[in-house]
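Student: Provided below are the primary sequence and the corresponding predicted coordinates.
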Amino acid sequence: MYIEKEKQKTLKKEILIEGIALHSGKEAAIRLKAAPADTGIIFYRSDLDKKIKLKAEPGSVVNLVRNTTIGSREIKEAKVSTVEHLMAAIWGSGIDNLEIEVSGPEIPVVDGSAYPYYQRILESGLKEQQQQRIVFKVESPIYVRQDDAYITILPYPGFKISYTLDYQHPVIGSSYFEFDAEKIDFGEEIAKARTFGFAEEVERLHEQGLALGGSLENAVLIENNQTVNPLRFENEFVRHKILDVIGDMFLNGRIMGHIIAIKSGHRLHVKLAEKIRAKMIEEEN
């Protein structure tokens, strides 16, 4: 069911964010610009000859290996990877419409969380638009499962995520956190949670061309019995997983429902987002 909420919003002033890309290790830059009402979130590459607009939606996802990558299925080089943290920051800030110019195939990782993007957006300010925000309200359960990992969304008069993290690792172990958008401050409690990785995996990831830009400045590094750098929260890992869920769910714009996730990652998130999109299309028709 679609319901009308408050007015749509976009960015008041253009923002430039520069830094290192997490996986390529190269310098990267994004320019966030205001967009007309009903545009949604659009990415495009400034380094390509042709301006190919990539709408942030489930059908645009082309890769899910340790990140969410959107791209064109016709033009292979027209893709943008590691969009999930920025998408979560845009959701958290209350923006509905945005155009994002990207200098290359990946966006800057900043500090490994969503907070620097979120902070810059709030500093710029938001501009209210004339059209109403349309929110999709889930009316029946939708779920996806793979082995012992699953994610489901249930009817709920708001937006809530309950996540259970379970790693066979002494530093992470099992943890649970619940985020309710109306009760918990996204900026303070979720946006600051950073991505994490294991010291033992670094060499193998580098061989695969991944995490080349990873450092203690933009990720929590985990060794056998401790983290190399200090945590921002005792349960930072599960909070970051919730951050990823938010970013991936925002591929469908704003939705209402209670998401329950156990050990899920980007692949399951996007499968759920695809099923939600199918329900949305049914409603539209």
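Tutor: Here it is on my side, so go on.

Student: any idea how far the nearest residue to Glu27 once chain neighbours are set aside is from Glu14?
Tutor: Once its chain neighbours are removed from consideration, Glu27 has its nearest residue in Ile20; the separation is 6.6 Å (C-beta to C-beta, 6 or more residues apart in numbering). C-beta: built from backbone N, CA, C; applies to glycine. Ile20 is 22 Å from Glu14, where distance means C-beta to C-beta, to the nearest Å.

Student: More neighbours: which of those two?
Tutor: A side-by-side neighbour count of Ile20 and Glu14, using other C-beta atoms under 10 Å, places Ile20 first with 19 against 12.

Student: so which helix or strand takes in that one?
Tutor: Taking DSSP states H and E as the definition, one finds Ile20 inside strand 15-20.

Student: tell me the mean pLDDT over that strand?
Tutor: Throughout strand 15-20, pLDDT has a mean value of 96.

Student: Quick check: neighbours of that strand in the sheet, parallel or antiparallel?
Tutor: Applying DSSP bridges, strand 15-20 is found paired with strand 27-34 (antiparallel).

Student: what about the strand it pairs with, distance to the chain center?
Tutor: If you compare the mean C-alpha spot of strand 27-34 with that of the full chain, they lie 16 Å apart, counting by C-alpha atoms, centre = their mean, to the nearest Å.

Student: now stretch 96-111
Tutor: Between the mean C-alpha position of stretch 96-111 and that of its chain there is a distance of 12 Å (C-alpha atoms, centre = their mean).

Student: Which residues does the helix or strand of the chain with the lowest mean pLDDT contact?
Tutor: Among the helical and strand segments of the chain, the one scoring lowest on mean pLDDT, DSSP states H and E is helix 202-207, with a mean of 76. Helix 202-207 has contacts (C-beta atoms under 8 Å, 6 or more residues apart in numbering) with 66, 197, 211-212, 214.

Student: What mean pLDDT does stretch 156-163 get?
Tutor: Throughout stretch 156-163, pLDDT has a mean value of 98.

Student: List the contacts of that stretch.
Tutor: Stretch 156-163 is contacted from outside by 138, 176-182, 238, 241-242, 245-246, 254-262, 264, using C-beta under 8 Å, 6+ apart.

Student: Filter those residues down to the buried ones.
Tutor: For the contacts of stretch 156-163, a neighbour count by 16 or more other C-beta atoms under 10 Å gives the buried set as 138, 177, 179, 181, 238, 241-242, 245-246, 254-262, 264.

Student: What about these, which are in strands?
Tutor: When strands are assigned by DSSP state E, the members of the buried ones among the contacts of stretch 156-163 inside them are 177, 179, 255-262.

Student: Save the residues you listed as TSV, and put in pLDDT and distance to Ala114 too.
Tutor: Shown next, in TSV, are those (pLDDT from 0 to 100; distance: C-beta to C-beta, whole Å):
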residue	pLDDT	distance to Ala114
Phe177	98	16
Phe179	98	13
Ile255	98	18
Met256	98	21
Gly257	98	21
His258	98	21
Ile259	98	17
Ile260	98	22
Ala261	98	17
Ile262	98	22
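
Student: Most widely separated two among those residues?
Tutor: Using C-beta to C-beta, the two most remote members of those are Met256 and Ile262, lying 21.3 Å apart.

Student: before we move on, the earlier item: for the helix or strand following the least confident helix or strand of the chain, name the packing helices and strands.
Tutor: As assigned by DSSP H and E, the chain's next helix or strand after helix 202-207 is strand 220-222. Other elements packing on strand 220-222 under the criterion 3 or more C-beta pairs under 8 Å, 6 or more residues apart in numbering; DSSP states H and E are strand 196-198.

Student: Can you tell me the SS state at Asn75?
Tutor: Just to correct that, residue 75 is Ile rather than Asn. Three-state assignment for Ile75 (DSSP: H, G, I helix; E, B strand; the rest coil): coil.
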